[in-house]
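In: Have a look at this prediction, sequence included:
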Amino acid sequence: MGNQVVIDCFPDSLARYRDGWTVVAVDVIRATTTAVTAVASGRACYPAADLDSALALAAGLENPLLVGELGGSMPFGFDLDNSPAALMQRTDIERPVVLLSTAGTRLFCETGPRDAVYAACLRNLTAQVAQLIGRHDRVAVIGAGARGEFREEDQLGCAWIAEPLVEAGYEPAGLTAELINRWRGAPVDVIANGKSAEYLRRTSQLDDLEFILHHVDDLDATFRLDGAGLVSV
């Protein structure tokens, strides 16, 4: 079998992509954007699948920063919401981040044996594609989804990673070609019309939406799961 790329969604879909697959996790609004921003700023970042796991991770770290949300609300005792904009403003980069989100961080924590697992967002599209081509022959680009929906921003992010792979000779599987065609040439601010963006407006978190829209392909780096933490490749 030749090179293949598939776009899929939700942590539960990971069971379809075990041995021999590379997973690229995409949660534009907001978990992978927050994770990428943390590591790019020089922090250690440890994604957690649930609250108990987040607290257990934090207990083993020195002066950790608890960052995240569950069901849209910041858990009691956390330092920050799942906010790349707020995290970027902090100067205490020596504090490792334990990151929790409703769906996005589960994409890292529920992986089985795989070639590699990457965190990608709109900030590192070109670098992520370059890291995949010639190194990984079966690539699953997985959107986190929210409330049972494959949200617009994740469709766009996944499609913009998959399209250059197809152009490089990867065979598109499933709905991949359809999603690439849907989002080809779309302006990035189209995601401002989606449900996730509306949630940020309704909850007075527009700083995150502005951050995401104004930080597109500004990082020449990729971010890979190494043990329990994400590292820059």
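Out: Right, received. Where do you want to start?

In: V190 is in contact with G157, isn't it?
Out: No - using C-beta atoms under 8 Å, V190 is not in contact with G157, being 11.9 Å away. Using the backbone N, CA and C atoms, a C-beta is placed for each residue, glycine as well.

In: Give me the buried positions along the lowest-mean-pLDDT helix or strand in the chain.
Out: The weakest-scoring helix or strand in the chain, judged by mean pLDDT, DSSP states H and E, is helix 106-109 (a mean of 91). By neighbour count on 16 or more other C-beta atoms under 10 Å, the buried set for helix 106-109 is 106-109.

In: picking that back up, more neighbours: V190 and G157, which one.
Out: G157 (29 against 13; other C-beta atoms under 10 Å).

In: quick one: secondary structure of that one?
Out: Here G157 is helix, with the state taken from DSSP: H, G, I helix; E, B strand; the rest coil.

In: Relative to T176, how far out is it?
Out: 13 Å (C-beta to C-beta, to the nearest Å).

In: For the chain, just list every one of the strands.
Out: 4-9, 22-26, 45-48, 65-68, 97-100, 116-120, 138-143, 171-173, 223-226, 229-232 (DSSP state E).

In: Compare those and give me the one nearest R90.
Out: For R90, the closest of those is strand 65-68, at 7.8 Å, according to C-beta to C-beta.

In: mean confidence for that closest one?
Out: Mean pLDDT, strand 65-68: 98.

In: cool, stretch 143-155 as well?
Out: 93.

In: Ok, stretch 173-186 next?
Out: 97.

In: Flag every buried residue along that stretch.
Out: Residues of stretch 173-186 classed as buried by neighbour count (16+ other C-beta under 10 Å): 173, 176-177, 179-180, 183.

In: next one: that stretch to chain centre, how far?
Out: 19 Å (C-alpha atoms, centre = their mean, to the nearest Å).

In: Now the terminal residues of that stretch, how far apart.
Out: Counting by C-alpha to C-alpha, to the nearest Å, you get 22 Å between the two ends of stretch 173-186.

In: Check stretch 131-148 too.
Out: Span of stretch 131-148 from end to end, C-alpha to C-alpha: 30 Å.

In: Flag every buried residue along that stretch.
Out: Those would be 131-133, 136-146, for stretch 131-148 by 16+ other C-beta under 10 Å.

In: Pull the most distant pair out of the residues you listed.
Out: D137 and A146 (30.2 Å).

In: Show me where the protein has its helices.
Out: 31-40, 51-59, 84-89, 106-109, 125-132, 152-167, 176-183, 195-202, 206-213 (DSSP state H).

In: and F78, which of these is closest to it?
Out: Across the helices of the chain, closest to F78 is helix 51-59 (C-beta to C-beta), at 8.4 Å.

In: That closest one - contacts with which helices or strands?
Out: With contacts taken as 3 or more C-beta pairs under 8 Å, 6 or more residues apart in numbering; DSSP states H and E, helix 51-59 sits against strand 45-48, strand 65-68, strand 97-100.

In: Please list the outside residues in contact with the second one.
Out: This means strand 65-68. When contacts are defined by C-beta atoms under 8 Å, 6 or more residues apart in numbering, strand 65-68 is touched by residues 31, 34, 38, 43, 48, 54, 58, 74-75, 77-83, 87, 90, 92, 95-101, 105.

In: how does it look with 7 Å?
Out: By C-beta atoms under 7 Å, 6 or more residues apart in numbering, the list of residues contacting strand 65-68 from outside reads 34, 54, 58, 75, 77-80, 82, 87, 95-101.

In: Mark which of those residues are buried, thanks.
Out: 34, 54, 58, 78-80, 82, 87, 95-101.

In: related to what we said a few turns ago, and of the buried residues of helix 106-109, the nearest to A25?
Out: L107 (3.7 Å).
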